[in-house]
Every structure is written in structure tokens, then in C-alpha cells.
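1. any chance you can model this:
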Amino acid sequence: MMQEINRLLISQDMRVTAWTIVAFVVVYFLTIFIKNFYELFGFAPSKCWLDAFYLWTLVTGIFVSRNIIFLLVGLVALFIIGRTFEPLWGRYPFFRFIVVEGMAVNLGITIIISLLYLFGATSLIRSDFSGVGPLIFSSIVALKLHYPTRPVVSSIPALQWFTYNDLPFCLLILSIPFIFVEYLRFIFFDAFVSLFVAWGYLRFWQLEEEITPLPSIDVEANNNEAHVNLMDDFSFSSLFPSPIRPLLTMPASLIRKIEDWIHRRHRLQNAPATEIGVTNIETQLDGVANAPAAVPIIDTAQLDNPQTNQDEVPLLLPTNTSLSEPSLTSEFTSTSSEDFKLGLSLLNAQEQGLPSSSSDALLEN
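-> Predicted coordinates:
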């Protein structure tokens with residue numbers, strides 16, 4: 001184990017994993033030799049608002065181990081998680097995953113336990129939830145995203161049907177009995193909250209940075225794995241088995257609407273602004289970019305002053321846009337309403353083949 005840690009310390013691809021393992025070991029010894037260290041940095045819901053206001057424990061709690069057994073379990077889990085995802089995502093996204101997921105899961109646990117406390121379940125508010133549990137269960141959801149068709153136990157042919165796509169929900173079901181064991185209640189809450197928090201993080205944050213799911217680092221397994229569809233194969237209902245998905249129609253449709261709204265906002269924010277010759281335009285006319293030709297709008301200032309610079313670019317409108325629509329006046333804020341109406345009248349007179357005397361009459365009016 002120590003040789004692997006030394007190798008990771010000089011590895012560019014797994015540096016975050018190595019230093020995270022070192023941080024776990026250092027924090028554990030600090031809890032032994034420094035008095036009240038565990039009280040200051042260990043996580044319990046009551047420390048965030050009831051007994052104290054130690055909000056930093058939402059993050060530091062994932063680095064604090066209760067005893068040597070939990071420390072060893074955490075080190076092995078971190079090594080496996082880091083070896084799987086840090087080369088896949090990169091150093092910064094993996095470090096963000098550790099910090100954001102740990103904080104978000106602990107915050108979710110605090111909210112749920114606090115609500116239970118307000119309704120009379122007072123025994124959970126001071127329970128110890130420190131440990132690497134949020135990262136373990138969150139990484140299982142990430143395995144579902146990137147390796148949905150890979151068997152969990154590939155060495156046993158009889159279990160080839162059990163894939164990572166089914167693993168998160170199965171672990172949630174298996175964690176339910178732990179809620180009746182006082183010392184192990186944190187396992188259920190870690191699994192329950194991590195399932196939904198990790199899905200939200202990966203779905204709305206991690207995947208926004210990935211055009212397509214990243215391929216497997218295992219070349220042989222990658223040949224048999226299908227690409228994940230971002231909208232369907234990792235939807236909210238995909239967290240649950242097929243037989244119970246019809247029961248989730250209403251929440252799943254609501255979450256899908258939220259997904260569509262977020263993606264529309266994301267596309268609008270990243271879309272380049274289109275300049276069509278007018279300043280201070282807040283909205284863009286449909287079809288302007290694909291207009292085949294354009295019609296100049298005549299400015300009365302140019303009619304009064306024939307010496308106007310001919311190099312100035314006239315204001316352009318698409319020919320397939322109806323000039324009689326009143327909504328167009330709100331699009332071109334740099335032209336006054338009177339001049340705009342006058343220009344429309346002159347164009348209509350020219351299109352109808354009226355004599356120039358009619359145009360002069362419009363100018364005089």
C-alpha cells in the first residue's frame with residue numbers, strides 16, 4: 001500500500017488521489033494527539049445550527065475518520081475511486097467532485113435530520129456522520145454513468161446480468177436495515193442522500209462540460225460498452241428499476257421540465273450575439289440569420305441632406321419579414337417611431353409604382 005502511495009505522489013494523473021489519502025492519514029493522527037480536534041472538525045447535524053455554527057464541518061467531516069477501521073476502509077475506497085475517475089475526469093474535476101459532493105451530501109443530511117428533529121425525532125440530530133461515505137456512494141452513481149453495461153462481478157458468469165446500472169439502487173435497498181443500528185445509521189443516510197445529490201451534480205454540472213460521456217479507460221471493456229445518452233440513459237427515472245418507473249411519472253416529468261429549462265438557459269447564455277446593424281438589440285428576429293436578401297430603410301436625414309456619406313451601412317431588414325408588423329418597432333431602438341413609419345410609407349409607395357410626387361407629398365406631411 002505504501003509503495004502505491006509513493007508511486008501516486010509522483011504521478012501527474014493521480015496527484016489529487018495521493019494527496020487526499022495523505023490528508024486522511026494526517027487528519028486521523030491529529031484527532032488522536034490534539035484535544036477537541038474531532039469536536040471541531042467532525043461532522044454532526046447539530047454542529048451546523050443547534051449546538052454550534054461550525055459550517056466548515058460540512059467539508060472537513062469527510063476527511064475525519066472515527067477509528068482505525070474506518071480509516072483503512074476510507075483509504076482503500078479513495079484509492080479505488082481515484083484510480084477510476086481522476087485519469088478519466090482530470091485533476092481539477094476530480095478534486096471538485098470530492099469537495100462539492102462531500103459538502104452537498106452533508107448539507108442534505110443536515111436538512112433531513114433537522115426536519116426530523118423538528119417533528120420529534122431528536123435522537124439523530126447529534127449522531128456522528130463523519131467519514132468518506134458520501135464519496136463512496138457518490139462514486140457508485142458515477143460508475144453508473146460511465147460504465148452502465150459493465151458487470152459488477154465480471155469473473156462470475158452467473159452474475160453477468162448485474163451491472164453498474166443497477167448498483168446504486170441495490171445499495172440503497174441494502175442500506176435500509178442499518179437505520180435500526182444506532183452506530184451505523186449514517187450508512188443509510190449517506191446512501192440515500194448521495195444517490196440524488198450525485199445524480200444532480202453529474203447530470204447538471206459534470207455533464208455540462210462533456211459533449212459526450214468519456215470513454216472507458218479499460219480498452220477491452222470499452223469495445224463492448226455503448227455510449228450513454230445524456231438525456232435518457234441518465235435521467236432521474238433511470239435511478240430506479242424498470243418495474244417501479246411508472247410510479248415516478250409525475251416527479252420524473254417535473255424534473256425533465258427543469259432539465260429542459262436549464263439546457264435552454266445554458267444554450268442561450270453560450271450563444272454568440274448576432275449583430276444585424278443596430279445597436280442595443282436585446283432580442284433577435286427569427287429568420288434574420290437565414291434571410292436571403294435585405295431591404296434598406298430610408299432615413300429622412302439622408303433625404304434632407306443628399307451629401308450624406310455613402311459609405312455608411314444602411315439598416316437592413318430581411319425581405320421575407322413583413323414590414324407591417326408593429327412588433328418590429330421594438331427591435332430597432334435606434335430609429336424613432338415617426339421616421340420608421342415614414343420609411344415604411346416611402347417603401348410601400350415605391351413598391352406600388354406611385355409617382356415621385358406622392359413621395360414628395362409624404363415628406364411634406
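2. what comes up buried for stretch 40-53?
-> Neighbour-count burial for stretch 40-53, counted by 16 or more other Cβ atoms under 10 Å, picks out Leu40, Phe41, Gly42, Phe43, Ala44, Pro45, Ser46, Lys47, Cys48, Leu50. To be clear about C-beta, it is placed using only N, CA and C from the backbone, and glycine gets the same treatment.
3. how about the residues you listed in JSON lines, adding secondary structure and pLDDT?
-> Conversion of the buried residues of stretch 40-53 to JSON lines gives the following (DSSP: H, G, I helix; E, B strand; the rest coil; pLDDT from 0 to 100):
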{"residue": "Leu40", "secondary structure": "helix", "pLDDT": "94"}
{"residue": "Phe41", "secondary structure": "helix", "pLDDT": "96"}
{"residue": "Gly42", "secondary structure": "coil", "pLDDT": "95"}
{"residue": "Phe43", "secondary structure": "coil", "pLDDT": "96"}
{"residue": "Ala44", "secondary structure": "coil", "pLDDT": "95"}
{"residue": "Pro45", "secondary structure": "helix", "pLDDT": "95"}
{"residue": "Ser46", "secondary structure": "helix", "pLDDT": "95"}
{"residue": "Lys47", "secondary structure": "helix", "pLDDT": "94"}
{"residue": "Cys48", "secondary structure": "helix", "pLDDT": "95"}
{"residue": "Leu50", "secondary structure": "coil", "pLDDT": "93"}
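4. all the strands of the stretch 151-300 of the chain, residue numbers only.
-> Assigned strands in the stretch 151-300 of the chain, in chain order: 294-296 (criterion: DSSP state E, counting those that start in this stretch).
5. where does pLDDT dip in it?
-> Judged against pLDDT under 70, the low-scoring parts of the stretch 151-300 of the chain cover residues 208-232, 267, 270-300.
6. about what we covered before: what is the nearest of the buried residues of stretch 40-53 to Arg83?
-> Ranked by distance to Arg83 (Cβ to Cβ), these are led by Phe43 at 25.9 Å.
7. excluding chain neighbours, what is closest to that closest one?
-> Of all residues beyond its chain neighbours, the one nearest Phe43 is Gly61 (2.5 Å), with distances taken as Cβ to Cβ, 6 or more residues apart in numbering.
8. and the one you found, what does it touch?
-> By Cβ atoms under 8 Å, 6 or more residues apart in numbering, the contact list for Gly61 reads Phe41, Gly42, Phe43, Gly102, Asn106, Phe129, Ser130, Gly131.
9. quick revisit: in TSV: the buried residues of stretch 40-53, plus distance to Leu239.
-> Shown next, in TSV, are those (distance: Cβ to Cβ, whole Å):
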residue	distance to Leu239
Leu40	36
Phe41	32
Gly42	30
Phe43	25
Ala44	28
Pro45	25
Ser46	30
Lys47	30
Cys48	27
Leu50	31
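10. need the max-distance pair from these.
-> Using Cβ to Cβ, the pair of these lying farthest apart is Phe41 and Leu50, separated by 17.5 Å.
11. related to what we said a few turns ago, from the buried residues of stretch 40-53, which is closest to Arg245?
-> Set against Arg245, the nearest of the buried residues of stretch 40-53 by Cβ to Cβ is Pro45 (31.9 Å).
12. quick check: that closest one vs Ile176, distance?
-> In this structure, Pro45 and Ile176 are 20 Å apart, going by Cβ to Cβ, to the nearest Å.
13. list the contacts of stretch 30-37.
-> Stretch 30-37 is contacted by residues Tyr38, Phe41, Gly42, Val64, Ser65 when judged by Cβ under 8 Å, 6+ apart.
14. could you dump those residues to TSV with distance to Ile258?
-> Below are the contacts of stretch 30-37 laid out as TSV (distance: Cβ to Cβ, whole Å):
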residue	distance to Ile258
Tyr38	39
Phe41	35
Gly42	35
Val64	34
Ser65	37
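15. of all pairs in those residues, which one spans the longest distance?
-> Phe41 and Ser65 (11.2 Å).
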